[in-house]
Every structure is written in structure tokens, then in C-alpha cells.
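In: Sequence and computational prediction follow.
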Amino acid sequence: AKANDAEAIRVERVGMQTMMIEERLKVRKLEESYHEMEEERTRLLKETWDRDIDVINEALSNSADKASLIGVFVNRTEYELEEISKLYEKKYGNLVEDLQSKLTTTFGTITGSNTGLCNLLVYRVTPKTERDAQFIHDYGEKGNDDGLIEIFATRTNDELRRIISYHDENNEDKLAEILEKKCSYTNYRTLMLALLDTKRDETFDTLEDYICKDIADVLYEASGKRMMGGDPVPFINHFSVINHAQFISINHKYPKKALMKDVEKKFGGSFAKALKALASDPFELLAEGVFEGDKETITRLVFDIAV
């Protein structure tokens, strides 16, 4: 009986080992198949990108064949365009410089301005982090508060960190220094600098009712309850960290649900615009910008939304 039991155990162990070997072989075959598929995918993408750079070069050489250029730029992802730009540079030269050279009118060459299509394609081929960092850097000269607010209100904490890092590594003036110099009003400047801490709540969670009530009371004391003016500090402290859902919950506890009305009444200007943007749903804010924006703004926002 013991011999039979021992044989049964041995057979069971052999069976389990065989099963394990078979499972490992299946996994190995799947891995090999996956790698083969990835290699084939990479090969096909490379062939597509090689064709793309030839199409771009021919289009730029052929009196700027705009239809062909648009066909490439709108049908490739941001990652693909980064790779295409690298391949183009190896074979033909700097893609952005060629776009600006071939798509700028004589008048634009004199004035230093590009055509709408040129701006569109250059914006499309430039990685998002670099675009945003350059826009904020240019803010020092152009002072586009609406665009600055849009970037700070719609980017994630991680995106803002990458923007700050890229900007400060590639420019003599630090991003914080630009905001210090160019954000003209103290309240607005303090709020934008607070956003550089990248501590906004990125969940979709609301706050407990008693917390919303406490915050609403503090904000009301700082604005709606006052006969004149308002205290910006509580607004900066809370709006620089809350999300859209939390704003709705706080507003629900605010007298007459008039929190944003009091913001506009007591503060105004870029500070009020920034507070309103931070309280908004980011996608609704972008959609509003596309609907109401000028050509340059629409160009920027369309590709902020695109992948």
C-alpha cells in the first residue's frame, strides 16, 4: 500500500512538472509571437515615417503643397510626429525651420510673422511640453494672460512639473522669475506662483460636507460678507489646490451659491479670470477657448486637445 501511495505521489508530481513545462512553453511562444509582432509593427511604422518625410520634403519643395502637408500632420500622433521630425532632420534638415522658411509669405518675412498654416504645423510637430514652456517664456514679451491661465488651469501636476523643468533647463530666466516680473498685479502673481507648487487635487473626489461648509464660510468672510473689496489669501490658498468637483461642493454651501459672482464682483481682472479657470472643468475651459478664441488661440487649443 505504501509503495502504491509513493508511486501515486511520484506520478502526480511528474504530471504537475509536465504541466508547468507546457505552460512555460506556451508563455515563451506568446512572448516570441509578441516580439515578432512588435518588430513587424516597428518595421511598418518606420516605412510609413520614411515615406512621410519624403512627402513633406517634396511638398515643401513643390511650391508648398499644403494638402499633402496637412495629410501627414493631421493623421499622425504626437509620438509619431516626434519620430518623423528626427528622421527628417537626419535626411533633410530641421523640420521646423523648413516649415517656417517655405510657408512664410514675403510680408511675413518682413514683419516676422508666420502664416496660420505655418503656425499650425509648427505647433503640431513641437512636443507639448516644449510648446507650453515656450509659450510661458514668450509671455515675458507678449503678456498673454488668457493663454497663461489656460495652461496653468488645464495641465496636470506632472505636465506642469515637466514644463517647469524643461523651461528652466533651457532658459536663463527661470519660469518663476518670469511670473514674478510680468504678472502685474500682486494677487494674480501670488496665485500663479502658488500653482508652481503643483499641489492641485487631480482626483474626481469631493470633500466632506463639513469641510465644504468651513471653506465656504471662510471664503464668504473674505469676500461676499464685506462691503468693499476682498481678502485674496483664502482664495489663493484654496483655489490653487481644489478640483472642479470640490469647487461645486463648496459653492453649494456658499450663501446663494454665488461664490463665482462674488469673485468677479470683489476682485476682477486676471486674478478673477484665473480663479474662474481653476474652478472650471478643464475640458469645458478648452472648449470655450476654441469657441471664443482668435486664430492663434484656436491653433494652440486644437492640438492641446489632440493626442
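Out: Yep, that arrived.

In: For this protein, give me the ranges with low pLDDT.
Out: For the chain, the stretches with pLDDT under 70 are 1-8, 10-11, 64, 105-114, 303-307.

In: who's in contact with the spatially most central residue of it?
Out: Among the residues of the chain, the one closest to the centroid is Arg155, at 4.7 Å (C-alpha atoms, centre = their mean). Counting by C-beta atoms under 8 Å, 6 or more residues apart in numbering, Arg155 makes contact with Asp132, Ile163. No exception for glycine: its C-beta is placed from N, CA and C like everyone else's.

In: Ok, Ile56 next?
Out: With C-beta under 8 Å, 6+ apart, Ile56 has these contacts: Ser68, Leu69, Val72, Ile84, Tyr88, Leu95.

In: if I look at the residue nearest to the centre of the chain, how far off is Ile149?
Out: Counting by C-beta to C-beta, to the nearest Å, the separation of Arg155 from Ile149 is 11 Å.

In: hmm, back to that, helices - which of the contacts of Ile56 land there?
Out: Among those, DSSP state H puts Ser68, Leu69, Val72, Ile84, Tyr88, Leu95 in helices.

In: ok, of those residues, which one's closest to Lys102?
Out: Leu69 (9.3 Å; C-beta to C-beta).

In: Just give the closest residue to Asp281, not the sequence neighbours.
Out: Nearest residue to Asp281, sequence neighbours excluded (C-beta to C-beta, 6 or more residues apart in numbering): His244, at 4.8 Å.

In: Am I right that the one you found is in contact with Ala279?
Out: Yes: His244 lies in contact with Ala279 (C-beta atoms under 8 Å); the separation is 6.7 Å.

In: the more surrounded of the two?
Out: Ala279 (22 against 18; other C-beta atoms under 10 Å).

In: show me the residues around that one that make contact.
Out: Contacts of Ala279 by C-beta under 8 Å, 6+ apart are Phe239, Ile242, His244, Phe247, Met260.

In: top helix in this protein by residue count?
Out: helix 2-61.

In: Report the contact partners of Ala176.
Out: Leu193, Leu196.

In: Which strand or helix spans it?
Out: helix 175-182 (DSSP states H and E).

In: rewinding a little: could you dump the contacts of Ile56 into a markdown table and include distance to Glu141?
Out: Output for the contacts of Ile56, formatted as a markdown table (distance: C-beta to C-beta, whole Å):
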| residue | distance to Glu141 |
| --- | --- |
| Ser68 | 34 |
| Leu69 | 29 |
| Val72 | 32 |
| Ile84 | 30 |
| Tyr88 | 29 |
| Leu95 | 25 |
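
In: Check the residues you listed against Asn62 and report the nearest one.
Out: Ser68 (8.2 Å).

In: Wait, the closest one touches Asn57, no?
Out: No: if you go by C-beta under 8 Å, Ser68 and Asn57 don't touch, sitting 10.4 Å apart.

In: contact partners of stretch 219-235?
Out: Contacts for stretch 219-235 (C-beta under 8 Å, 6+ apart): 187, 190-191, 218, 238, 250, 254-255, 258-259, 262-263, 265-267, 271, 275.

In: Repeat that for stretch 248-260.
Out: Counting by C-beta under 8 Å, 6+ apart, 206-207, 209, 212-213, 215-217, 219-220, 224, 238, 242, 247, 262, 275-276, 279 sit against stretch 248-260.

In: Make a PyMOL selection of the buried ones in those.
Out: A single PyMOL command selects the buried members of the contacts of stretch 248-260 (16 or more other C-beta atoms under 10 Å):
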select buried, resi 206+207+212+213+215+216+219+220+224+238+242+247+262+275+276+279
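
In: Which members of the contacts of stretch 248-260 occur in strands, if any?
Out: Assigned to strands by DSSP state E, none of those qualify.

In: Burial check on Pro234, number of neighbours?
Out: 16.

In: roughly how far is the one helix or strand it maps to from the heart of the chain?
Out: Per DSSP H and E, Pro234 falls inside helix 232-239. Taking C-alpha atoms, centre = their mean, to the nearest Å, the mean C-alpha location of helix 232-239 is offset from the chain mean by 24 Å.
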